[in-house]
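Participant: Prediction below, plus the sequence it came from.
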Amino acid sequence: MTRIVLSRVGFGVVVLLVLSMFVFLLFFVAPGDPARTIAGDQATETLLRQIRASLGLDQPIYVQYATFLGNALHGDLGYSYHSQEPVLPLVLARIPETGSLVLGGVVVWLLIGIPIGVTSARWPGSLRDRIGQGFTLLGLSFPTFVLGMLFLFVLYFLPRQLGFSLFPAGGYVPITQDPLQWAWHLILPWFTLALVNAAIYARLTRGQLIDVLGEDYIRTARAKGLSELTVVYKHGMRSTLTPIITQLGADIAMLLGGVIIIEQVFTIPGIGALAVTSVTNEDRPVIIGVVLLGGCFVVVANVVVDVLYGLLDPRVRASH
């Protein structure tokens, strides 16, 4: 197991190195002048040359990248062109907002999607299965922003028109400040994120569990007189969890990189909102910082998934 983790961490470091190189090159050749962005349209050429020299923009690209990489290894991703704040603290400060949204949404969609998938797999072709399939089709048909706007209209705007309040329109309250307000402000974003993904996990769980329940060892367990719940949840779900964990690790990593649409709809100042603002302002250091943070999430998620593989399937440990 230790060798698995070490090999995945080493591979992840290589991936991050290549990602940093491509992102840096992409923004180096992108149109626009960072010095002009910082100094404004009325800046003189003398001032622009001074800014380029102070930022190292007058150096060859390989020198700029080597300087950037060396600073990054020491936790320095440079300064925002727009706010002049250090990039790393600026990006890390947004993690609680995005993390609260993503982790809460994950809990909700697992609590909805997996039971629906299990129910459909236990009674395929039944009314329960058709209802579950209808939920899956409906969830996959709704774009996230449409679902978010629908929730705001039905659960915020209409109640306000009638003189009372159910949920806030958006925003974020830190959990350390008020846990109840934190949850109240995130309920609508959680369900907006969860319903679409719950449909995906319901379909994935149903398909995997139907295949597993047809295996010989499942028929043997039933022949031994084990209860159906024991057969399904103790034996069947153990094998079904492997692809679910793979999908979950990838989804969490990608979403932690910025839930852009939901953060925009519900005005949550998370990583996605920071990315949108940085693109609008042509704030290249912040964009690079967001991309690298997303890459770190993907690497960590893959390591965690591999460890869980080893815990769920002894054959993985035996092969290493």
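Facilitator: Cool, got the structure.
Participant: Sketch out the low-pLDDT regions of the stretch 151-300 of the chain for me.
Facilitator: Counting by pLDDT under 70, the stretch 151-300 of the chain contains low-confidence residues at 257-258.
Participant: Please repeat the previous calculation with a cut-off of 90.
Facilitator: The model of the stretch 151-300 of the chain has pLDDT under 90 over residues 160-171, 195-196, 208, 210-261, 263-265, 267, 272-273, 275-300.
Participant: in it, which spans are helices?
Facilitator: Ranges of helices in the stretch 151-300 of the chain, per DSSP state H, counting those that start in this stretch, are 158-161, 179-213, 216-223, 228-229, 237-256, 260-265, 271-280, 284-312.
Participant: now the angle from the last one to helix 271-280?
Facilitator: Inter-element angle recorded for helix 284-312 and helix 271-280: 150 degrees (by axes from the mean of the first three to the mean of the last three Cα atoms, to 10 degrees).
Participant: If you count neighbours, what's buried in helix 284-312?
Facilitator: 284-306, 308-310 (16 or more other Cβ atoms under 10 Å). Any C-beta I mention is one placed from the backbone N, CA and C, and that applies to glycine too.
Participant: what residue of this structure is the furthest out?
Facilitator: The C-alpha centroid of the chain is most remote from Thr46, which lies 43.6 Å away (Cα atoms, centre = their mean).
Participant: Extract the CA atoms of the helix or strand where it lies and return them as PDB.
Facilitator: Secondary structure here is read from DSSP states H and E; on that basis Thr46 sits in helix 45-55. Extracted in PDB, the C-alpha atoms of helix 45-55 (Å, rounded to 0.1, in the frame of the first residue of the first chain):
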ATOM      1  CA  GLU A  45       6.200  53.900 -21.700                       C
ATOM      2  CA  THR A  46       8.900  54.600 -19.000                       C
ATOM      3  CA  LEU A  47       6.500  53.400 -16.300                       C
ATOM      4  CA  LEU A  48       5.500  50.400 -18.300                       C
ATOM      5  CA  ARG A  49       9.200  49.400 -18.800                       C
ATOM      6  CA  GLN A  50       9.800  49.800 -15.000                       C
ATOM      7  CA  ILE A  51       6.800  47.500 -14.200                       C
ATOM      8  CA  ARG A  52       7.900  44.900 -16.700                       C
ATOM      9  CA  ALA A  53      11.400  44.900 -15.200                       C
ATOM     10  CA  SER A  54      10.100  44.600 -11.700                       C
ATOM     11  CA  LEU A  55       7.900  41.700 -12.700                       C
END
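Participant: In it, which residues are buried?
Facilitator: So, applying 16+ other Cβ under 10 Å, buried residues of helix 45-55: Leu48, Ile51, Arg52, Leu55.
Participant: looking just at contacts, which helices and strands does the helix or strand following that helix meet?
Facilitator: Moving toward the C-terminus from helix 45-55, the next helix or strand (DSSP H and E) is helix 61-73. Using 3 or more Cβ pairs under 8 Å, 6 or more residues apart in numbering; DSSP states H and E, the elements in contact with helix 61-73 are helix 2-29.
Participant: quick one, what contacts Ile261?
Facilitator: Residues in contact with Ile261, defined by Cβ atoms under 8 Å, 6 or more residues apart in numbering, are Thr144, Phe145, Gly148, Gly272.
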